[in-house]
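[1] next come a sequence and a model predicted from it.
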Amino acid sequence: MVGCLCVRDVGIIPDIFKKCNVWISFTDNICHVVDRSESPPPALLIQTPPTPPPSPGCSQDSAGSHPSEETELNIKLATFHLLSTALNEYVQEICYGCQSGHPSQLQHSCLFELPVFFFEIYYDEVMEKLRTPRFIPAIRLFVCSYSVSEAKAQIISTAERLLCELRSVPHIVCTTDENVGYLLNTNHHSRGVKSALLHMIGNYWSGRHKTEAFGDILREGRVPEKLQTDLGKEFYNKHLKN
């Protein structure tokens, strides 16, 4: 039972309220009387205003959203290696000597040092070649060889952040080579294993693992009539054509 009573002096409380099992409070000369036997204490009656949702720009990462230090290093190592592979393939694509099969090394621009800020100038073209459907799965394959499976979003975030930082690097080839060497030397015991795994994910990223399998089939004289694919470009690369 809840009742309200107007009083002139909030300091005067009728004895009957003192003897009853009630809660008494005053607000603007209004005496609020609450039956304690039916209602919870006033502190429990106060409704806490709902917490407003965080703004998009101030969202906080949930616990465990950041990969461990070892996992982050492995993600960066795989990203450096795949970027180096993509750069090498793109440089060969725009090389006049490679495209024409010219015998003179002087006509092969891919053999010379890349111009300063080459990656920044051709960033979109290199990224288009790098971001194949197997880019993130290749990194994840390398990471899962040494640690528990990481969320795809964490791998994408770490890899994209690294690529953005590398965009303004003057000498991209030297930077990637130095970082791959440094990250491999962080663990001398697994350097040989990691080098082999980097080679493996490079073949997986470029589709060479399927190329080798098709090579065995074609060398046997078997020619498939139909191919069911995921629209990947592994059947159009120079390795399969040769």
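    Yep, that arrived. Numbering: from 1, shown residues only.

[2] average pLDDT for the helix ranked longest in the chain?
    Selection of the longest helix in the chain by residue count, based on DSSP state H, yields helix 69-93. The average pLDDT for helix 69-93 rounds to 93.

[3] what's that helix packed up against?
    helix 123-130, helix 135-144, helix 152-166, helix 172-185, helix 191-206 (3 or more CB pairs under 8 Å, 6 or more residues apart in numbering; DSSP states H and E). Using the backbone N, CA and C atoms, a C-beta is placed for each residue, glycine as well.

[4] for this structure, what helix or strand is lowest in average pLDDT?
    helix 42-45 (a mean of 42; mean pLDDT, DSSP states H and E).

[5] residue 122: neighbour count?
    19 (other CB atoms under 10 Å).

[6] that older thread, switch the helices and strands packed on helix 69-93 over to JSON lines; also include mean pLDDT.
    Below are the helices and strands packed on helix 69-93 laid out as JSON lines (pLDDT from 0 to 100):
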{"stretch": "helix 123-130", "mean pLDDT": "95"}
{"stretch": "helix 135-144", "mean pLDDT": "92"}
{"stretch": "helix 152-166", "mean pLDDT": "93"}
{"stretch": "helix 172-185", "mean pLDDT": "92"}
{"stretch": "helix 191-206", "mean pLDDT": "86"}
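
[7] now distance to residue 115 too, for the ones you listed, in a markdown table please.
    Listed next are those as a markdown table, based on distance: least, CB to CB, whole Å:
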| stretch | distance to residue 115 |
| --- | --- |
| helix 123-130 | 13 |
| helix 135-144 | 25 |
| helix 152-166 | 16 |
| helix 172-185 | 10 |
| helix 191-206 | 25 |
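
[8] which among those is found nearest to residue 109?
    helix 172-185 (13.2 Å; CB to CB).

[9] for the closest one, which residues meet the burial criterion?
    Residues 172, 173, 175, 176, 179, 180, 183, 184 are the ones in helix 172-185 that count as buried (16 or more other CB atoms under 10 Å).
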